[in-house]
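K.L.:
here are the coordinates; sequence isn't available:
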Ligand code: DAH
């Protein structure tokens with residue numbers, strides 16, 4: 001298969017030269033190239049499982065192959081229609097070669113979870129409708145702290161209780177720590193909600209939370225794991241940096257940037273992280289002298305935008321078929 005990818009021009013030549021004059025020719029073309037067992041689907045499924053560096057290398061070739069096949073079928077169909085408008089072949093497969101594919105946000109979420117899964121992180125979930133305790137108080141946001149305004153929250157007006165749509169996945173930390181016994185090592189992917197809407201903000205977006213609590217966990221463990229993740233996700237040689245930051249639920253806190261050479265060697269932020277604040281451990285009934293942990297939270301849209309060069313967050317939700325096509329698998 002690799003051989004085919006490396007010599008894609010010869011294959012494209014064969015496709016271009018292939019004469020389709022009749023239905024029989026077309027069926028033969030489909031058998032060889034576009035049909036279920038034809039070359040194109042085989043190449044696509046082989047490509048899907050390549051390492052990301054190889055995907056980058058062979059992506060353009062695969063696209064050219066796909067375009068060549070589609071172009072051939074399109075020309076034939078047009079030609080057919082011109083020649084004989086009354087012709088109708090009920091067995092003719094659909095003109096459009098339009099396989100569906102997984103949404104980019106799901107691809108990214110699955111890939112991040114798989115990377116952490118391999119190193120022992122489990123997957124947890126929490127509710128999208130939370131209360132102030134889990135979303136803020138237990139995470140050490142003081143009652144009158146401006147941080148509560150920082151995140152423009154959708155409050156739900158239900159008498160007697162202050163429900164809200166969770167503004168981040170961090171409340172899952174509290175739910176898991178309260179309901180089990182350490183050590184904890186998990187990722188919690190899910191939807192989060194904030195009153196915000198422009199090219200880089202959506203009122204609904206996705207985050208992946210990570211938590212690791214055990215004895216003697218240190219900041220260097222956090223650094224090592226996130227560096228490992230960045231290289232696995234963005235490819236070998238990826239450079240990251242930790243920038244001091246503030247979150248009420250971690251101390252010390254940091255934000256992590258990736259050095260992005262395609263965008264003029266800029267550092268772009270991918271996540272927030274830090275050592276779990278001792279108050280958060282206490283709020284979950286854990287003794288901070290005995291247990292320590294680190295946590296991190298990343299935006300799935302942000303990771304996808306960087307990885308696929310997408311510059312408008314709204315594209316993820318508009319159901320533009322070009323965006324949803326199998327090409328986004330690459
Ligand atoms: N919850 C933060 C946010 O939505 C992200 C975050 C920062 C999560 C640091 C963490 C963390 O677990 O340690 O902006």
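P.N.:
That came through, no problem. Predicted, not measured: the structure shown is a model, and the values here were computed from it. Numbering: from 1, shown residues only.
K.L.:
The closest residue to residue 312 other than its chain neighbours: neighbouring residues, count only.
P.N.:
Among residues not flanking residue 312 along the chain, residue 199 sits closest, at 5.0 Å (CB to CB, 6 or more residues apart in numbering). C-beta coordinates here come from the backbone N, C-alpha and C atoms, glycine included. Neighbour count of residue 199, defined by other CB atoms under 10 Å: 10.
K.L.:
Who are the contact partners of residue 199?
P.N.:
311-314 (CB atoms under 8 Å, 6 or more residues apart in numbering).
K.L.:
For the residue in the stretch 101-250 of the chain positioned nearest to the ligand, which non-adjacent residue is spatially closest?
P.N.:
Closest approach of the stretch 101-250 of the chain to the ligand (CB to the nearest ligand atom) occurs at residue 168, with a separation of 3.3 Å. Sequence neighbours aside, residue 192 is the residue nearest to residue 168 in space, at 5.3 Å (criterion: CB to CB, 6+ apart).
K.L.:
Could you look up the SS state of the one you found?
P.N.:
Here residue 192 is recorded as strand under DSSP: H, G, I helix; E, B strand; the rest coil.
K.L.:
Now do the same contact list for it.
P.N.:
128, 165-169, 204-207.
K.L.:
Show me which residues of the chain sit near the ligand.
P.N.:
Applying CB under 6 Å from any ligand atom, one finds that the chain approaches the ligand through 168, 170, 209, 247, 250, 272-274, 295-297.
K.L.:
If we use 8 Å, what do you get?
P.N.:
Proximity of the chain to the ligand, by CB under 8 Å from any ligand atom, involves residues 151, 167-170, 173, 192, 207, 209-211, 245, 247, 249-250, 253, 255, 271-274, 276, 294-299.
K.L.:
Need the buried ones from those selected in ChimeraX.
P.N.:
Buried residues among these (16 or more other CB atoms under 10 Å), as a ChimeraX selection:
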select :151,167,168,169,170,173,192,207,209,210,211,247,249,250,253,255,271,272,273,274,276,294,295,296,297,298,299
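K.L.:
Which of the residues of the chain next to the ligand fall within strands?
P.N.:
Members of the residues of the chain next to the ligand lying in strands (criterion: DSSP state E): 192, 207, 209-211, 245, 247, 250, 253, 255, 271-274, 276, 294-299.
K.L.:
do you know how far the one residue sitting closest to the centre of the chain is from residue 207?
P.N.:
By CA atoms, centre = their mean, the mean C-alpha position of the chain lies nearest to residue 108, the distance being 1.9 Å. From residue 108 over to residue 207 the distance is 12 Å, taken as CB to CB, to the nearest Å.
K.L.:
and what of residue 132?
P.N.:
19 Å.
K.L.:
Check whether residue 307 really touches residue 108, as I assumed.
P.N.:
Yes - contact between residue 307 and residue 108 holds when scored by CB atoms under 8 Å: they sit 6.9 Å apart.
K.L.:
top of the contacts of residue 199 by neighbour count?
P.N.:
residue 313 leads the contacts of residue 199 on contacts (other CB under 10 Å) with 19 neighbours.
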